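>>> Here is a sequence with its predicted model. Questions after.
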2 protein chains.
Amino acid sequence: MSRPESVTLTALPGIPLIRAGDDLASLILSSLSSAGVELQDQDVIVLGQKIVSKAEGRLRNLADVTPGEAARRLAAETEKDPRLVELVLAESRRVLRRRPGLIIVEHRLGFVCANAGIDHSNVAGEDEGGEAWVLLLPEDPDASARRLRARLTEATGARVSVLIIDSHGRAWRMGTVGVVIGASGFPCLLDLRGNEDLFGYRLRVTEVGLGDELAAAASMLMGQAAEGRPVIHVRGLAYPARDGSLVELIRPAEEDLFR
Amino acid sequence: MSRPESVTLTALPGIPLIRAGDDLASLILSSLSSAGVELQDQDVIVLGQKIVSKAEGRLRNLADVTPGEAARRLAAETEKDPRLVELVLAESRRVLRRRPGLIIVEHRLGFVCANAGIDHSNVAGEDEGGEAWVLLLPEDPDASARRLRARLTEATGARVSVLIIDSHGRAWRMGTVGVVIGASGFPCLLDLRGNEDLFGYRLRVTEVGLGDELAAAASMLMGQAAEGRPVIHVRGLAYPARDGSLVELIRPAEEDLFR
């Protein structure tokens, strides 16, 4: 990767509240056009997970969920709504840690996160609003990113890439940071093996989580109450384009000393 | 925090190779001046750890290190140089995980990282060069950031903030990302408790690791062989200025489910 002199991240204006079935690619193209931005090769479009999930109809009403025995037990241990816990378990491969108020899982998509990424906040039910509605992560965020990228490239001719991000807590450190949950066109993990530093040593830190670094950068502009500015346009980052995938960033459980 | 429309990160040009005793503030002010950048309130200057460590004389020659019994045992287990392991232990509170090629510690500064952040690459010895030289982290990176910030503010009148960053591996996810190891003037952990989202729900994700998000963003421009562009200027991020400290980002061991 030739390192850039300067990178600019811009929150796209005028993205409306998203409902199931909305066409995100069209909304992004309209916003770019009204902002006077013409997409260029190597631009990156970063989307917050919530608008992708909503467009894909991933809202669920807890009134429709019947918790099983495992969910009821875990709900009692963690002081959570058993119906929410049922959804958490359905979206997860396994529970790694639990305590009152907190369930940390290995998500079916492979990453480790709290509550399987299921979100209460910033979710309005389509009919009644209210706390009974929760939002699951997209079914397959890599595929969502691929579809969006294909639409953006088709419409503009620019070879852009797309990241879908969420905010995750971390081991060891306080605070959430933006991380990739779906990608297309971007090298999420950059392998520097064999590169030499200024003094000719082979680099020992060989793999950079570039996708997560960009996710964190974009997350700063989204903020947490992100529905109003859920799409960030990135220009100036020179990267080796490839298909890219969330999978690059998942540390296999058997190689993870902290799982 | 009022969320910005646009944030621009720029690698400062012409920062030379750093030696013990160099005045980083002067070098940064010269670089800003030659780039035609006038510092403004709320600008952030992000420095890679290596140049701070070098300026502070933290190079060590392994030939001067005598490993003790604990270091020799751990070196045998991890297939590392016992003299390097002696330095790792001296810089650490405790060893969390070990395996061939890898020692993960709780650093004396509080964070969890590999090899106590001690670096072979990009380090040239002052007299002979060569692999016998290693670079320790700054003695007190928060204090280093405070001193630099005071100098920059004194010289320009702008209320800026300063971050010192390093690249750390992570539990669960592949690849290193930039993280804060020292800060002054910047709210490393942003508490959103009590804020409401667009639908009036109280936010549940209440603490954002804003310092680490900015560290990751700046790290993208530094790259790994970073000596040539180790200082990043950030403009456009509106944040509540306060003293700030690395300490905000350290999860206390007793609250860490993964230590």
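Perfect, thanks for sending it.
>>> quick one: residue A:27 and residue A:49, what's the gap?
Going from residue A:27 to residue A:49 by CB to CB, to the nearest Å gives 16 Å. C-beta coordinates here come from the backbone N, C-alpha and C atoms, glycine included.
>>> Mind checking which of those two has more residues around it?
Each of residue A:27 and residue A:49 has its neighbours counted (other CB atoms under 10 Å in any protein chain shown); residue A:49 has more, 25 against 18.
>>> excluding its backbone neighbours, what's nearest the more buried one?
Once flanking residues are discounted, residue A:49 sits nearest to residue A:166: 4.3 Å by CB to CB, 6 or more residues apart in numbering or on different chains.
>>> Residue A:106 looks like it's in a helix, true?
No: membership of residue A:106 in a helix is not supported by DSSP: H, G, I helix; E, B strand; the rest coil, which gives strand.
>>> how many neighbours does it have?
20.
>>> show me what contacts it?
A:92, A:93, A:94, A:96, A:112, A:253, A:259 (CB atoms under 8 Å, 6 or more residues apart in numbering or on different chains).
>>> Any idea what the fifth one is bridged to?
Pointing back at residue A:112 there. Applying DSSP bridges to residue A:112 yields these beta-bridge partners: residue A:106.
>>> pretty sure it contacts residue A:96?
Yes: using CB atoms under 8 Å, residue A:112 is in contact with residue A:96, at 6.4 Å.
>>> Between these two, which is the more surrounded one?
Taking other CB under 10 Å, residue A:112 and residue A:96 do not tie; residue A:112 has more neighbours (26 against 18).
>>> so after the one helix or strand residue A:89 maps to, what's the next helix or strand?
According to DSSP states H and E, residue A:89 maps onto helix A:82-90. Sequence-wise, the next helix or strand downstream of helix A:82-90 (DSSP H and E) is strand A:92-99.
>>> Now do the contacts for the residue at minimal distance from the centre of chain A.
Centroid-nearest residue in chain A: residue A:165, 2.1 Å away (criterion: CA atoms, centre = their mean). Neighbouring residues of residue A:165 by CB under 8 Å, 6+ apart: A:46, A:47, A:48, A:49, A:178, A:179, A:180, A:181, A:215, A:218, A:219.
>>> Return every residue with contacts to both of residue A:112 and residue A:96.
Residues touching both residue A:112 and residue A:96 by CB under 8 Å, 6+ apart: A:104, A:105, A:106, A:259.
>>> What residues sit buried inside stretch A:249-259?
A:249, A:250, A:251, A:256, A:258, A:259 (16 or more other CB atoms under 10 Å in any protein chain shown).
>>> Check those residues against chain B and report the nearest one.
Of all the buried residues of stretch A:249-259, chain B sits closest to residue A:258, with 3.7 Å by CB to the nearest CB.
>>> Do I have it right that the closest one meets residue B:257?
No: using CB under 8 Å, residue A:258 is not in contact with residue B:257; the gap is 9.7 Å.
>>> Quick check: neighbours shared by the two?
Joint contacts of residue A:258 and residue B:257 (CB under 8 Å, 6+ apart) are residue A:171.
>>> Quick check: what element follows the strand or helix carrying residue A:167 along the chain?
Assigned by DSSP H and E, residue A:167 belongs to strand A:161-168. Sequence order places strand A:177-184 as the next helix or strand after strand A:161-168, per DSSP H and E.
>>> Tell me the helices and strands packed up against the lowest-mean-pLDDT helix or strand in chain A.
Lowest by mean pLDDT, DSSP states H and E among the helices and strands of chain A is strand A:190-191, with a mean of 88. In terms of contacts (3 or more CB pairs under 8 Å, 6 or more residues apart in numbering or on different chains; DSSP states H and E), strand A:190-191 is packed against strand A:207-208.
>>> residues in contact with the strand it packs on?
Residues from elsewhere that reach strand A:207-208 (CB under 8 Å, 6+ apart): A:189, A:190, A:191, A:192, A:193, B:167, B:174, B:175, B:176, B:177, B:219, B:224.
>>> Assign a three-state SS to residue A:186, would you?
The three-state label given to residue A:186 by three-state DSSP is coil.
>>> Can you tell me how far it is from residue B:175?
With distances taken as CB to CB, residue A:186 is found 13 Å from residue B:175.
>>> repeat for residue A:20
Separation of residue A:20 from residue B:175 (CB to CB): 34 Å.
>>> circling back to that earlier point, so which strand or helix has the closest residue to the residue nearest to the centre of chain A other than its chain neighbours?
Nearest residue to residue A:165 in three dimensions, chain neighbours excluded: residue A:215, at 4.1 Å (CB to CB, 6+ apart). Using DSSP H and E, the element containing residue A:215 is helix A:210-222.
>>> The next helix or strand after that helix packs against which elements?
Tracing the chain past helix A:210-222, the next element assigned as helix or strand by DSSP H and E is strand A:231-235. For strand A:231-235, the packing partners by 3+ CB pairs under 8 Å, 6+ apart come out as strand A:6-11, helix A:24-34, strand A:44-48, helix A:210-222.
>>> of all those, which lies closest to residue B:243?
Evaluated over the helices and strands packed on strand A:231-235, closeness to residue B:243 peaks at helix A:210-222, with 20.2 Å, by CB to CB.
>>> May I see the buried residues of that closest one?
Judged by neighbour count using 16+ other CB under 10 Å, the buried positions of helix A:210-222 are A:210-222.
>>> I'd like these laid out as TSV, including distance to residue A:71.
Shown next, in TSV, are the buried residues of helix A:210-222 (distance: CB to CB, whole Å):
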residue	distance to residue A:71
A:210	37
A:211	33
A:212	31
A:213	36
A:214	36
A:215	30
A:216	33
A:217	37
A:218	34
A:219	30
A:220	35
A:221	36
A:222	31
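>>> Many thanks, we can stop here.
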